[in-house]
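Enquirer: coords please:
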Amino acid sequence: MPVLDKRGQKNRRRGRIRRKIFGTAERPRFSVYRSNVHIYAQLIDDLEANTLVAADSREVDGAENRTDAARQVGELLANRAGDAGIETAIFDRGGNKYHGRVAALAEGARSGGLEL
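Expert: Now for the predicted structure:
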């Protein structure tokens, strides 16, 4: 088996995660994409291949650091999900470790009222 670089390892983790979880309209997939600067989150209905709700760190103001911005994005997404009538979701960390900004995003969504 060849040695994989970091991107290859992340893609393998992403594939393992995506084999196990699937979003529906009642319980969509909470998908996370983390770049070096911003963090993006979506609630996706995989049956219809449709994004129901989305939010990203470019929309939040007044964040002290990137982790705080991620927490605010989670709260913003949870508020938008509540307006759309979504109460629960399946968390898809997108191959990222559940640590730092990804964990802060999930905590923010939970504090905003979304059940993960």
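
Enquirer: Going by C-alpha atoms from here, please, whenever you check contacts or count neighbours.
Expert: OK.

Enquirer: For this protein, which segments count as helices?
Expert: Taking DSSP state H as the criterion, the chain contains helices spanning 6-20, 66-83, 101-111.

Enquirer: Quick one: those helices as a markdown table, columns for mean pLDDT too.
Expert: As requested, the helices of the chain are arranged in a markdown table below (pLDDT from 0 to 100):
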| stretch | mean pLDDT |
| --- | --- |
| helix 6-20 | 90 |
| helix 66-83 | 97 |
| helix 101-111 | 97 |
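
Enquirer: Looking at the ones you listed, which is nearest to Q42?
Expert: helix 66-83 (7.8 Å; C-alpha to C-alpha).

Enquirer: Please list the outside residues in contact with that closest one.
Expert: Among residues not part of helix 66-83, those counted as contacts by C-alpha atoms under 8 Å, 6 or more residues apart in numbering are 37-42, 53-57, 59-60, 63, 87, 100-102, 104-114.

Enquirer: If we go by neighbour counts, what in stretch 23-33 is buried?
Expert: For stretch 23-33, the neighbour count (16 or more other C-alpha atoms under 10 Å) marks G23, T24, A25, R27, P28, R29, F30, S31, V32, Y33 as buried.

Enquirer: again with stretch 36-44
Expert: I39, Y40, A41, Q42, L43, I44.

Enquirer: circling back to that earlier point, separate out the buried members of the contacts of helix 66-83.
Expert: Taking 16+ other C-alpha under 10 Å as the criterion, what is buried in these is 39-42, 53-57, 87, 101-102, 104-110, 112-114.

Enquirer: need the contact list for the most centrally placed residue in the chain.
Expert: Of all residues in the chain, the one closest to the mean position by C-alpha atoms, centre = their mean is V32, 2.9 Å from it. Counting by C-alpha under 8 Å, 6+ apart, V32 makes contact with I39, Y40, A41, Q42, D92, R93, G94, V102.
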